[in-house]
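> next one to model:
(one chain, ligands or ions: 2)
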Amino acid sequence: MRGERQVAVNGEVAALRRRVAELEGEVAQARASAQRLKYLETQVRKAQKVESLGTLAGTVAHDFNNLLVAILGNADLGARRLRNGHDPEPCLSNIREAAQRAGTLCRQFLAYSGRERSVRVPQDLNEVVRRMTQLMQAAVSSRIELAFRLSDDLPLIDGDDSQLGQVVMNLITNAAEAIGPNHGRISIRTKVAMIDSDQPGFLPRSPPPGRHAVIEVSDNGRGMGPKTRSMAFDPFFTSKQNGHGLGLSAVLGIVRSHCGAIRVHSTLGKGTTFTVVFPLPRARKRTPVPATRPRRLTPGFGTVLVVDDERGVRQLACEVLREEGYRAVEADNGDLALRLLTEQGEAIRAVLLDVTMPRRDGLSTLRELRRNRPNLPVILSSGRGIPIDGSRDQHLRFLSKPYPIESLLLAVEDAIGTKGAAASEV
Ligand SMILES: Nc1ncnc2c1ncn2[C@@H]1O[C@H](COP(=O)(O)OP(=O)(O)O)[C@@H](O)[C@H]1O
Ligand SMILES: [Mg+2]
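Ligands and ions are numbered 1, 2, ... in the order given. Here you go, the predicted structure:
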């Protein structure tokens, strides 16, 4: 009897063990599929981004060309006015305005096309909306009115600016395409919403209770019927002749990875509203933009080495510095810069150093220069982000291109003036 029970128990134990092994297998499989899903989502996002970059590059080139027309035209007009004894100042300020706009456009495009790895930092959704709509201006037909209702006190969310930009861009592109060649209106709204109960219709799931930042994009385009609506987020689903069906699945992937949720309301023939919500981190104040420091009005002194492969940039910096009373020497490459530093020694009290140069670039020049001059103030200047951590070099400053001359002078003055760094540099 006892023997039989023992056999039965052993059998059950063996069966349980098998079941446990099966379950472990299933869990491993589920984990692998989740990983695969995540991987596919990233791929979709990348593919869609490459696609959208093509479109954007076209519109940015178009905008750029217009700005160049304004710059060249005003330069010619200004020269003519000067020859005729008239005041060229208005032309100069038009040039400045156009160039500033070109600079903004460039920075935005670079920020959008930037790195693939996601970086979470506090983001102002309003800023993302403004930036992307500015960038897309030429892509949206002039028959379409863009209406904004951006909340004044929208708290920051943790996010990746390039990915959030992708969300805004895809929703606006789809809205514009739904309106087509007709007259229409796209409304973009941001607000804060308190969510306290289950919200039906959200993907990937109802947002958790709490405060959320909301962005809403509505259009009065052709709308969707229930069938299209139910498939809209599927990868490769498109109802368009030249569509790829990746826009909304990229949006969903990004929203999911930001712990947010998205919902669509649409009526055939009337229009569509996409609502995206992002959870708000607890109590974070908007950081005020620091006021620019008034510049000391003392003339500069000392020699500044200006290193840049672009002649126009170099000349401008040198002229500005000379007018301010500095001596300026220039180098169009890193090797020449290093040579000048050896030749002129301590006379050089600061270096303005371009990051991107052929042959020896700014970072390599910096590394080499630091061997002999660990305390020499260096201002790294670049139109892209600067790829090093400056916190370990207290004699390093950054100046992003394009810069107003005032910022250049401030940086140089600050560099040379700081704690007599240059003076103790002997
Ligand atoms: N604002 C909108 N109005 C109407 N239909 C839309 C809208 N946004 C998306 N859709 C529908 O969802 C489909 C998928 O969109 P998306 O993933 O961006 O791919 P694509 O734009 O390449 O078709 C579209 O083809 C369209 O049928
Ligand atoms: Mg699309």
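
> now do the contacts for residue 358.
Going by Cβ atoms under 8 Å, 6 or more residues apart in numbering, residue 358 touches 309, 333. Yep, even glycine has a C-beta here, placed from its N, CA and C like the rest.

> what's around residue 50, how many residues?
With neighbours defined by other Cβ atoms under 10 Å, the count for residue 50 comes to 11.

> could you say which helix or strand contains it?
Per DSSP states H and E, residue 50 falls inside helix 2-83.

> name the helices or strands packed onto that helix?
Where contact means 3 or more Cβ pairs under 8 Å, 6 or more residues apart in numbering; DSSP states H and E, helix 2-83 is packed against helix 89-113, helix 125-136, helix 161-179, helix 247-257.

> need the pLDDT of residue 420.
Listed pLDDT for residue 420 reads 39.

> which ones are touching the residue in the stretch 1-150 of the chain that ligand 2 sits nearest to?
Ranked by Cβ to the ion, the top residue of the stretch 1-150 of the chain for proximity to ligand 2 is residue 48, at 8.3 Å. Listed by Cβ under 8 Å, 6+ apart, the contact set of residue 48 reads 166, 170, 244, 246-247, 249-250.

> please identify which of those is nearest to residue 401.
Distances from residue 401 to those, taken as Cβ to Cβ, are shortest for residue 166 (24.9 Å).

> the closest one and residue 52 touch, don't they?
Yes: the pair residue 166 / residue 52 is scored as a contact, 7.0 Å apart, by Cβ atoms under 8 Å.

> how close does residue 404 sit to residue 96?
Residue 404 sits 9 Å away from residue 96, taking Cβ to Cβ, to the nearest Å as the criterion.

> gap between residue 10 and residue 3?
Using Cβ to Cβ, residue 10 is found at 11 Å from residue 3.

> of the two, which one has the most company?
Using other Cβ under 10 Å, the more surrounded residue of residue 10 and residue 3 is residue 10, with 10 against 7.

> for ligand 1, what's its nearest residue on the chain.
Residue nearest to ligand 1 within the chain (Cβ to the nearest ligand atom): residue 247, separated by 2.4 Å.

> could you check the pLDDT of the closest residue to that residue other than its chain neighbours?
Distance criterion Cβ to Cβ, 6 or more residues apart in numbering; nearest residue to residue 247, sequence neighbours excluded, is residue 170 at 4.1 Å. We have a pLDDT of 93 for residue 170.

> got the residues of the stretch 51-200 of the chain near ligand 1?
170, 174-175, 178 (Cβ under 6 Å from any ligand atom).

> quick one, what contacts the closest residue to residue 327 other than its chain neighbours?
Excluding the flanking residues, the one nearest residue 327 by Cβ to Cβ, 6+ apart is residue 303, at 4.3 Å. Shown in contact with residue 303 (Cβ under 8 Å, 6+ apart): 326-329, 344, 347-349.

> hmm, 10 Å instead?
Counting by Cβ atoms under 10 Å, 6 or more residues apart in numbering, residue 303 touches 321, 326-329, 340, 344, 346-351, 416, 422.

> also residue 356?
Contacts for residue 356 (Cβ under 10 Å, 6+ apart) come out as 308-310, 362-363, 381-384, 401.

> now for those: which two are most distant?
Using Cβ to Cβ, the pair of the contacts of residue 356 lying farthest apart is 310 and 363, separated by 17.1 Å.

> quick one: which of the two has more around it?
Neighbour count, other Cβ under 10 Å: between residue 310 and residue 363, residue 363 has more, with 18 against 13.

> picking that back up, any chance of CSV for the helices and strands packed on helix 2-83, columns mean neighbour count and distance to residue 368?
Shown next, in CSV, are the helices and strands packed on helix 2-83 (neighbours: other Cβ atoms under 10 Å; distance: least, Cβ to Cβ, whole Å):
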stretch, mean neighbour count, distance to residue 368
helix 89-113, 16, 27
helix 125-136, 20, 37
helix 161-179, 23, 33
helix 247-257, 23, 41
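
> which of the ones you listed has the lowest average pLDDT?
Among these, helix 89-113 scores lowest, with a mean of 84.

> so which elements touch that one?
Contact analysis of helix 89-113 by 3 or more Cβ pairs under 10 Å, 6 or more residues apart in numbering; DSSP states H and E lists helix 2-83, helix 125-136, helix 161-179 as its packing neighbours.

> ok now the helix or strand just after the shortest one, how far from the chain's centre?
The helix or strand immediately downstream of helix 125-136 is strand 144-150, counting by DSSP H and E. On the basis of Cα atoms, centre = their mean, to the nearest Å, strand 144-150 sits 22 Å off its chain's mean C-alpha point.

> partner strands of strand 144-150 and their direction?
Strand 144-150 has the following strand partners under DSSP bridges: strand 184-195 (parallel).

> I would like a PyMOL command selecting only the buried ones among the contacts of residue 356, please.
Per 16 or more other Cβ atoms under 10 Å, the buried members of the contacts of residue 356 correspond to this PyMOL selection:
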select buried, resi 308+309+362+363+381+382+383+401
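
> surely residue 94 and residue 73 touch.
Yes: Residue 94 is within contact range of residue 73, at 8.5 Å (criterion: Cβ atoms under 10 Å).

> separation between the closest residue to residue 163 other than its chain neighbours and ligand 2?
Spatial nearest neighbour of residue 163, chain neighbours left out: residue 254 (4.6 Å); criterion: Cβ to Cβ, 6+ apart. Going from residue 254 to ligand 2 by Cβ to the ion, to the nearest Å gives 14 Å.

> close to ligand 1: what parts of the stretch 201-350 of the chain are there?
Counting by Cβ under 6 Å from any ligand atom, the stretch 201-350 of the chain sits next to ligand 1 at 219, 221-224, 228, 232, 237-240, 243-249, 272.

> at 8 Å what do you get?
Contacts of the stretch 201-350 of the chain with ligand 1, taken as Cβ under 8 Å from any ligand atom, map to 217, 219, 221-224, 228-229, 231-233, 235, 237-240, 242-251, 264, 266, 271-272, 274.

> which residues are contacting the helix or strand containing residue 399?
According to DSSP H and E, residue 399 maps onto strand 396-400. Strand 396-400 is contacted from outside by 103, 107, 317, 350, 352-353, 355, 366, 370, 376-386, 388-390, 407-408, 410-412, 414-415, 418, using Cβ under 10 Å, 6+ apart.

> next helix or strand past it?
Criterion used, DSSP H and E; the element after strand 396-400 is helix 405-417.

> work out the gap between that following helix and the centre of the chain.
For helix 405-417 - counting by Cα atoms, centre = their mean - the centre lies 26 Å from the chain centre.
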